[in-house]
Structures are given as C-alpha cells and as structure tokens.
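pasting the sequence and the predicted coordinates here, then a few questions.
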Amino acid sequence: MKLTEFVIREAILPSLKATSKEAVIREIVGSLKANGAVKASDEEAVVAAIMKREELGSTGIGNGVAVPHTKHPSVEKLSAAVAISRTGVDFASLDGEDVFILFLLVSPPDRPGDHLRGLENISRHLRSQDFCNFLKQSMTEADIWDLLAEADAGDRDA
C-alpha cells in the first residue's frame with residue numbers, strides 16, 4: 001500500500017495554523033472534510049474518536065512526529081492527511097518534544113488490515129531522518145506530495 005494511495009493530496013496542510021493538540025486535529029479533520037474524505041455531518045464524531053484514541057496514549061511517537069488515527073464508519077476507505085506545524089505542537093509525545101509532522105488517518109472499522117498497513121507504511125517512512133527533514137522543509141502541498149511519491153517509488157514491494 002503506497003502513501004499516495006491513501007493520503008488525500010488536496011487535504012495536505014503545509015503550514016498548520018492551530019497550536020494545540022485538539023485544534024490541530026480539528027484543522028486536519030476539517031481539511032479531510034473539505035476534500036470529501038469525511039462527511040460534514042460526521043466531522044465532530046471523527047474528531048471525538050481521535051481525541052478518545054489520544055486519551056489511551058499519545059500518538060506523538062517522538063522525533064517531532066505524531067500519527068493520530070481512528071476507525072470510523074463514516075469513511076468508505078482509508079484516508080489520510082499530512083500536516084506540518086512550523087512552530088511545533090505539544091502532543092504529549094513519548095519523548096516530551098513538540099510535534100512538527102502529523103499524519104492523520106481515518107479508516108472504516110471493517111477494514112482493519114488497511115488501517116494497520118497504512119500505519120505501518122507511515123511509521124516505516126517516519127523512521128527515516130532524511131524523510132522527516134525533507135517533510136519539515138516542504139513549503140507547499142506539491143512539495144509534500146512529491147516527497148510522498150518519491151517515498152512510494154522507493155517501496156518496490158509495497
């Protein structure tokens with residue numbers, strides 16, 4: 001499963017405005033809603049589901065990265081957005097550091113394999129310091145999309 005198969009290009013946010021964890025999640029889910037991946041009537045429920053998941057333990061995995069995610073019946077397929085914070089967000093990360101790179105995933109509850117494959121793919125790429133550095137330096141949606149496509153091209157077995 002390639003990043004460009006489930007990241008919604010038009011939902012990429014190269015410069016988040018929000019500065020708190022919940023506001024960041026709202027901004028990213030709003031971008032997914034604006035681009036048809038989340039229905040407007042389900043936006044609040046998706047935000048609430050992600051916040052509930054965060055209560056179980058922060059999805060701030062360290063190294064300036066967070067991968068908030070949830071399963072929700074309102075989406076038809078695995079959908080994700082990428083967002084970059086220029087100032088950093090306190091995400092209660094495992095390493096105590098602010099988050100600058102966020103991949104937010106929403107998937108249908110009846111497709112757990114897709115959800116896990118999406119998380120695994122994102123996590124694998126985010127382990128690369130180069131990938132993270134290039135993401136942080138990306139200033140436009142097109143820059144981020146090109147980086148995702150380049151990462152996909154390196155995944156011969158994906």
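Now that the structure is in, tell me what you want to look at.

contacts for stretch 123-138?
Residues outside stretch 123-138 that contact it (Cβ atoms under 8 Å, 6 or more residues apart in numbering): 3, 14, 61, 63-65, 67, 82, 84, 100-101, 103, 144, 147, 151. From N, CA and C alone the C-beta is placed, and that goes for glycine too.

show the residue spans covered by the strands in this structure.
Along the chain, counting by DSSP state E, strands occupy 60-62, 65-66, 69-71, 79-89, 99-107.

to residue 10, which of those lies closest?
strand 79-89 (9.2 Å; Cβ to Cβ).

JSON lines please, covering the strands of the chain and showing mean neighbour count and mean pLDDT.
Below are the strands of the chain laid out as JSON lines (neighbours: other Cβ atoms under 10 Å; pLDDT from 0 to 100):
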{"stretch": "strand 60-62", "mean neighbour count": "19", "mean pLDDT": "93"}
{"stretch": "strand 65-66", "mean neighbour count": "26", "mean pLDDT": "96"}
{"stretch": "strand 69-71", "mean neighbour count": "21", "mean pLDDT": "97"}
{"stretch": "strand 79-89", "mean neighbour count": "20", "mean pLDDT": "97"}
{"stretch": "strand 99-107", "mean neighbour count": "25", "mean pLDDT": "97"}
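
can you add distance to residue 131 and give these back as TSV?
Below are the strands of the chain laid out as TSV (distance: least, Cβ to Cβ, whole Å):
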stretch	distance to residue 131
strand 60-62	14
strand 65-66	10
strand 69-71	19
strand 79-89	12
strand 99-107	9
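
ok, which of these comes nearest residue 34?
The closest of these to residue 34 is strand 79-89. By Cβ to Cβ, the value is 10.1 Å.

what helices or strands is that closest one leaning on?
Contacts defined by 3 or more Cβ pairs under 8 Å, 6 or more residues apart in numbering; DSSP states H and E place strand 79-89 against helix 3-6, helix 21-34, strand 99-107, helix 129-137, helix 141-153.

what does that strand contact?
3, 6-8, 11-16, 18-21, 24, 27-28, 31-32, 37-38, 64, 66, 98-107, 118, 122, 135-136, 138, 144, 148.

who's the residue nearest the centre of the chain bridged to?
By Cα atoms, centre = their mean, the chain has its centre lying nearest to residue 103, at 1.6 Å. Taking DSSP bridges as the rule, residue 103 bridges to residue 82.
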